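Peer 1: From the sequence below, what's the structure:
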Amino acid sequence: MKANREYELLVRKSGRGPALLRAPSEVDHVEVVEIATGEVALFWDTHPSVTGRLARGLRADLAALDADAFIAKWRRWQAA
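Peer 2: Numbers count the residues shown, from 1 in each chain. Reported below is the predicted structural model:
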């Protein structure tokens, strides 16, 4: 089963403006949540300039990979 059937991507931005205009102290939050339980499977605090690229990569893999392969691939980047 595709990962996007089991997981949902949530992106919470710390500000409303473009990433280049936000303060360096602002942090965005990116979460991958298990749909069935509502538990957070993966979580990142990111700088605004990185959030968009991370979200695009996660969305692409959610659509392309099965659930186990998706978690295995992205869990190693969670602590980085």
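
Peer 1: hey, what's residue 8 bridged with?
Peer 2: Beta bridges link residue 8 to residue 33, judged by DSSP bridges.

Peer 1: hang on, it packs against residue 33?
Peer 2: Yes - at 4.9 Å, residue 8 counts as touching residue 33 under the criterion of CB atoms under 8 Å. Backbone N, C-alpha and C define where each C-beta goes, glycine included.

Peer 1: What are the boundaries of the helices in the chain?
Peer 2: 48-64, 67-78 (DSSP state H).

Peer 1: So which elements touch the first one?
Peer 2: Contacts defined by 3 or more CB pairs under 8 Å, 6 or more residues apart in numbering; DSSP states H and E place helix 48-64 against strand 7-12, strand 28-34, helix 67-78.

Peer 1: how about residue 5, what does it touch?
Peer 2: 35, 67 (CB atoms under 8 Å, 6 or more residues apart in numbering).

Peer 1: That one and residue 48: what is the separation?
Peer 2: As judged by CB to CB, to the nearest Å, residue 5 and residue 48 stand 30 Å apart.

Peer 1: now swap in residue 73 and tell me
Peer 2: Using CB to CB, we find residue 73 at a distance of 24 Å from residue 48.
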